[in-house]
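Participant: I would like to see how this sequence folds:
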Amino acid sequence: MATVTMDALDKELLNLLQEGIDLVPRPYLALAEKLGTDEETVLARVRELKKDPIRQISAIFDTRTLGYKSSLVAAKIPEERVDQAAQIINQHPGVTHNYKRNHDYNLWFTIAVPPNSRLGLEKTVEILGELAEVDVIRLMPTLKLFKIGVQLDMTGKEDGAKAKAKPSYSEEDRQNADKVVTDFDIAVIRELQKDLPVEPRPFDGWAQNIGITTEELLEAGRNMIKRKQMRRFSAVLNHRKAGFRFNGMGVWAVPADKADEIGPKMGSFKAVSHCYLRPTYPDWPYSIFTMVHGRSMEECERVLQAIEDETGIKERATLYSTKEYKKTRVSYFTPEMEEWEEQIIQQLGLDA
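Facilitator: Here you go, the predicted model:
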């Protein structure tokens, strides 16, 4: 599909959509007012942009505060078997991102399992490693969250090596989150995680699906943001189609006693979308992970060099994705997970 040609208004609109959409009955009208245009213009622009750079517009929930367990996972696989292994791993409905990267650990994926998982996170990853016949598989869970939130500057006005981020969802937010999830919350989550229709009153149909008013649905969503269960309601872009064709996972060997000081500094760069503290292993000394998106490898390297200059941490590696096998969103409280686990339990004769 040809890339959509974007003008200045499209780019400003994409920036606003990434920052977050107001949970109001007519969200596209609210966007139009911020942009100094009319609702129909915004609707028409979003319809076109959904053909290419916009992947989805929906609620972005915090996996952990909803009771899910998740982790980044790294695997070493013989080069000739990476594609096959990725295909096997992708069959798990909780695998959302899966990339081949330029490292001995050449397959990296994220996985989440629900509170009622019969296998649990560690056992699930062990089984996936066995099914995919990997050489080594490592859990890389988040030990501390310094930053999460992708906001790609579509206007080109910012220097990624210098631009600093607005405060974003942090470990403190996650720790303070209300982790109680009711049956009503689950019904709301199932609707708000869908892709937002491009129409004047897009929330009306979702509210009708669960037998409540639109305002009740929106109030429930706003409460989830207050309780830190939802990070924001926003657009997620297809990075490559938006022009950000490179993603460099900069990993840093940070002394344990410096992590709390260094992590926030690394996460403060706007070009860094994710910044986490993760465990180290004898063959993996890197404890802080920074994900950087850029239009070129040189742009990513400039950001990483700026981080090094500011923090003084010099021991790092940068893993670039060379193939994308899967990129989607976690679907919460859906039956697919139970079905996958039941199938695997039966297939492997497990007692779970």
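Participant: Output the below-cut-off pLDDT ranges for the stretch 251-352 of the chain.
Facilitator: Scanning the stretch 251-352 of the chain for pLDDT under 70 picks out 352.
Participant: buried ones in stretch 71-86?
Facilitator: Residues of stretch 71-86 classed as buried by neighbour count (16 or more other C-beta atoms under 10 Å): S71, L72, V73, A74, A75, K76, I77, V82, A85, A86. Every residue, glycine included, has its C-beta placed from N, CA and C.
Participant: right, I mislabeled it, should have said stretch 57-68
Facilitator: For stretch 57-68, by 16+ other C-beta under 10 Å, it's I57, S58, A59, I60, F61, D62, T63, R64, T65, L66, Y68.
Participant: With pLDDT, secondary structure and distance to L348 as extra columns, can I get those in CSV?
Facilitator: As requested, the buried residues of stretch 57-68 are arranged in CSV below (pLDDT from 0 to 100; DSSP: H, G, I helix; E, B strand; the rest coil; distance: C-beta to C-beta, whole Å):
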residue, pLDDT, secondary structure, distance to L348
I57, 97, strand, 39
S58, 97, strand, 34
A59, 97, strand, 35
I60, 93, strand, 34
F61, 94, strand, 31
D62, 91, coil, 32
T63, 92, coil, 26
R64, 90, helix, 28
T65, 91, helix, 31
L66, 94, helix, 28
Y68, 96, coil, 23
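Participant: Could you work out the most separated pair of these?
Facilitator: With distances taken as C-beta to C-beta, the most widely separated pair in the buried residues of stretch 57-68 is I57 and R64, at 23.0 Å.
Participant: I'd guess N116 is in a helix, am I close?
Facilitator: No - assessed with DSSP: H, G, I helix; E, B strand; the rest coil, N116 is coil; it does not lie in a helix.
Participant: nearest spatial neighbour of it, skipping sequence neighbours?
Facilitator: Among residues not flanking N116 along the chain, E338 sits closest, at 7.7 Å (C-beta to C-beta, 6 or more residues apart in numbering).
Participant: host element of that neighbour?
Facilitator: Using DSSP states H and E, E338 sits within helix 336-348.
Participant: for F146, same thing?
Facilitator: Assessed by DSSP H and E, F146 sits inside strand 144-148.
Participant: In the stretch 51-200 of the chain, what residue spans correspond to helices?
Facilitator: Taking DSSP state H, counting those that start in this stretch, the helices of the stretch 51-200 of the chain run over residues 82-90, 120-132, 171-176, 183-192.
Participant: which stretch in the ones you listed has the least confidence?
Facilitator: Here the lowest mean pLDDT among the helices of the stretch 51-200 of the chain goes to helix 171-176, at a mean of 62.
Participant: helices or strands next to the longest helix seen in the chain in the packing?
Facilitator: Longest helix in the chain, counting residues (DSSP state H): helix 297-311. Here helix 297-311 touches strand 246-252, helix 259-267, strand 288-294, strand 316-327, going by 3 or more C-beta pairs under 8 Å, 6 or more residues apart in numbering; DSSP states H and E.
Participant: Kindly recompute the last result at 6 Å.
Facilitator: Counting contacts by 3 or more C-beta pairs under 6 Å, 6 or more residues apart in numbering; DSSP states H and E, helix 297-311 packs against strand 246-252, helix 259-267, strand 288-294.
Participant: List the buried residues for that helix?
Facilitator: So for helix 297-311, counting by 16+ other C-beta under 10 Å, buried means E299, C300, E301, R302, V303, L304, A306, I307, E308, T311.
Participant: domains of this protein?
Facilitator: Domain assignment of the chain by automatic domain parsing yields the ranges 1-52, 65-165+240-327.
Participant: can I get the ones you listed in TSV with distance to G211?
Facilitator: Formatted as TSV, those follow (distance: least, C-beta to C-beta, whole Å):
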stretch	distance to G211
domain 1-52	17
domain 65-165+240-327	22
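Participant: Quick check: which of the ones you listed is buried the most?
Facilitator: Using mean count of other C-beta atoms under 10 Å, the stretch among the domains of the chain with the greatest mean number of neighbours is domain 65-165+240-327 (a mean of 18).
Participant: Could you work out the end-to-end span of it for me?
Facilitator: Domain 65-165+240-327 has its terminal residues 22 Å apart, counting by C-alpha to C-alpha, to the nearest Å.
Participant: Same check on stretch 288-304?
Facilitator: First-to-last residue span, stretch 288-304, C-alpha to C-alpha: 13 Å.
Participant: Going forward, count from 488.
Facilitator: Understood, numbering begins at 488; the last thing we discussed is stretch 775-791.
Participant: Quick check: closest non-adjacent residue to V621.
Facilitator: V621 sits nearest to A562 (C-beta to C-beta, 6+ apart), 4.4 Å away.
Participant: same check, this time on R568
Facilitator: E620 (6.9 Å).
Participant: And that neighbour, how far from D770?
Facilitator: According to C-beta to C-beta, to the nearest Å, E620 and D770 sit 20 Å apart.
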